[in-house]
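K.L.:
Here is a sequence together with a model predicted from it:
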Amino acid sequence: MARGKSKAESGGADHNVAAKRRKPRKEKKAKDPNKPKRPASAFLVFMEEFRKQFKEENPENKSVAVVGKAGGDKWKSLTDEEKAPYLAKTAKRKQEYERQMQAYNKRLEGGHDDESDKSKSEVNDEEDGSGEEEEG
């Protein structure tokens, strides 16, 4: 009975084929520190309050997982009426975020009209200075 060659006998390079097929990782874009942060969801707004309450009731508990699990269970058990204040806070934060994003985008658009980041007065000053140097 004839057997085919094993991977080791055939050169052995096939054991890492998956690693060769991987695409190189793309570089992440640098984050702008001036960009407004997205608003928290209604659940995260709820969790802000819930963590404080849970800590008061269970001061000995140091586990983040237990707090998260208890908060998730509590959120699921809330009625729509009980969730309403958190949804309202979220909507208010979202409006504020959208307003900040509009202002942020206007700043971005306004800053790239010239060829460089220099103001017009700085560009005019350099033009005047360069003419004087050529004469002398």
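P.N.:
Thanks, I have it. Predicted model only: the values in this text are computed from it and were never measured.

K.L.:
What helices and strands are in contact with the strand or helix carrying Lys74?
P.N.:
Assessed by DSSP states H and E, Lys74 sits inside helix 64-77. Helices and strands touching helix 64-77, as assessed by 3 or more CB pairs under 8 Å, 6 or more residues apart in numbering; DSSP states H and E, comprise helix 42-57. Where you see a C-beta, it was placed from the backbone N, CA and C, and this is true even at glycine.

K.L.:
follow-up on the earlier one: would you mind getting the angle between the helix holding Lys74 and helix 42-57?
P.N.:
Following axes from the mean of the first three to the mean of the last three CA atoms, to 10 degrees, one obtains 120 degrees for the angle between helix 64-77 and helix 42-57.

K.L.:
So which bits of helix 64-77 are buried?
P.N.:
67, 70-71, 75 (16 or more other CB atoms under 10 Å).

K.L.:
any chance of those residues in TSV, with pLDDT and distance to Gln53 too?
P.N.:
What follows is the buried residues of helix 64-77, written out as TSV (pLDDT from 0 to 100; distance: CB to CB, whole Å):
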residue	pLDDT	distance to Gln53
Val67	93	10
Ala70	94	10
Gly71	95	10
Trp75	96	13
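
K.L.:
where in the chain is pLDDT low?
P.N.:
Filtered on pLDDT under 70, the chain yields the residue ranges 1-20, 111-136.

K.L.:
What distance do you get for Glu56 to Tyr104?
P.N.:
With the distance defined as CB to CB, to the nearest Å, Glu56 ends up 38 Å from Tyr104.
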